[in-house]
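Engineer: next come a sequence and a model predicted from it.
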Amino acid sequence: KMWSHEGNRKFRDIVATYLKSYENAKLRIEKTMIVTDILKQVQEEGGRFIKLDPKSKTWKEVDKRTAIEKIGHAIRDRKALTQKKEYQKSCAQEWLAQQKRNAEVSNAAATRPDLTGIDTRFLPAESAALLSQNNAILNQQRRRFAAAGGDPLALGGLGMGGAAGLGVPSALAANRFRRDLLGG
């Protein structure tokens, strides 16, 4: 109820306008001056700092020292809220980036050429062995992908391209494999 009161909202807006200046202030005197400026602006706009008197159950205006303490609390609260929002925003951005990477890896895995149906009878023995090794690795990666619930990050090397993604031990072997397989 009090949080949404027009005067409290106005006060929070005033504090927000001074927050960067307060954060950039190096000396305590500078921060004190900013707090005093906030107090003056609140008072110039007709605002008061009040507190509920527990005995009389009425609202009473507080002294200047208590008002300054309240402003200090408001600055710290606003600063903490701002930091929390920035942290949440960065977490959300990181989560979105992670989702994008997951989708890219999943798409790469889904579009990886399936070489399991190639007839190895017409390939040199070494290329047939590499193809067999590739098929074993591809099937292992598919099983790991399914076991990870489709989470490509749990797979480590699934998203790797080129020779490493095919499970070929070296670039030389990869070139020999391509030459024998593709006839080039």
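Structural biologist: Looks like it came in fine. Numbers count the residues shown, from 1 in each chain.
Engineer: switch to C-alpha atoms for all contacts and neighbour counts from now on
Structural biologist: Noted.
Engineer: got any ranges where this structure has weak pLDDT?
Structural biologist: 1, 3, 105-123, 148-184 (pLDDT under 70).
Engineer: okay, helices next: where are they in it?
Structural biologist: In the chain, the helices defined using DSSP state H lie at 6-24, 28-44, 64-111, 125-147, 162-166, 171-182.
Engineer: of all the ones you listed, which one is nearest Pro54?
Structural biologist: helix 64-111 (16.6 Å; C-alpha to C-alpha).
Engineer: I'd like to know which elements the closest one is packed against.
Structural biologist: Judged by 3 or more C-alpha pairs under 8 Å, 6 or more residues apart in numbering; DSSP states H and E, the packing partners of helix 64-111 are helix 6-24, helix 28-44.
Engineer: quick one, which of those helices is nearest to Lys55?
Structural biologist: Nearest of those to Lys55, taken as C-alpha to C-alpha: helix 6-24 at 23.4 Å.
Engineer: closest one to Ile50 among the helices of the chain?
Structural biologist: helix 64-111 (8.4 Å).
Engineer: okay if I get the helices of the chain as CSV plus mean neighbour count?
Structural biologist: Converted to CSV, these look like this (neighbours: other C-alpha atoms under 10 Å):
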stretch, mean neighbour count
helix 6-24, 15
helix 28-44, 15
helix 64-111, 14
helix 125-147, 16
helix 162-166, 16
helix 171-182, 15
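Engineer: distance of Leu52 relative to Asp13?
Structural biologist: 23 Å (C-alpha to C-alpha, to the nearest Å).
Engineer: which of the helices and strands packed on helix 64-111 sits closest to Arg101?
Structural biologist: helix 6-24 (35.1 Å).
Engineer: for the closest one, packing partners?
Structural biologist: helix 28-44, helix 64-111.
Engineer: next, the angle from that helix to helix 64-111.
Structural biologist: 80 degrees (axes from the mean of the first three to the mean of the last three C-alpha atoms, to 10 degrees).
Engineer: could I get helix 6-24 in PDB with only the CA atoms?
Structural biologist: Presented in PDB, the C-alpha positions along helix 6-24 are these (Å, rounded to 0.1, in the frame of the first residue of the first chain):
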ATOM      1  CA  GLU A   6       2.200   8.500  -5.300                       C
ATOM      2  CA  GLY A   7       4.700  10.300  -3.100                       C
ATOM      3  CA  ASN A   8       6.800   7.200  -2.600                       C
ATOM      4  CA  ARG A   9       6.900   6.500  -6.400                       C
ATOM      5  CA  LYS A  10       7.900  10.100  -7.000                       C
ATOM      6  CA  PHE A  11      10.600   9.800  -4.300                       C
ATOM      7  CA  ARG A  12      12.000   6.600  -6.000                       C
ATOM      8  CA  ASP A  13      12.000   8.400  -9.400                       C
ATOM      9  CA  ILE A  14      14.000  11.200  -7.800                       C
ATOM     10  CA  VAL A  15      16.500   8.800  -6.300                       C
ATOM     11  CA  ALA A  16      16.900   7.000  -9.700                       C
ATOM     12  CA  THR A  17      17.800  10.300 -11.400                       C
ATOM     13  CA  TYR A  18      20.600  10.800  -8.900                       C
ATOM     14  CA  LEU A  19      21.900   7.200  -8.700                       C
ATOM     15  CA  LYS A  20      24.600   7.500 -11.400                       C
ATOM     16  CA  SER A  21      26.000  10.700  -9.800                       C
ATOM     17  CA  TYR A  22      26.000   9.000  -6.400                       C
ATOM     18  CA  GLU A  23      27.800   5.900  -7.800                       C
ATOM     19  CA  ASN A  24      30.400   8.100  -9.600                       C
END
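Engineer: thanks a lot, catch you later.
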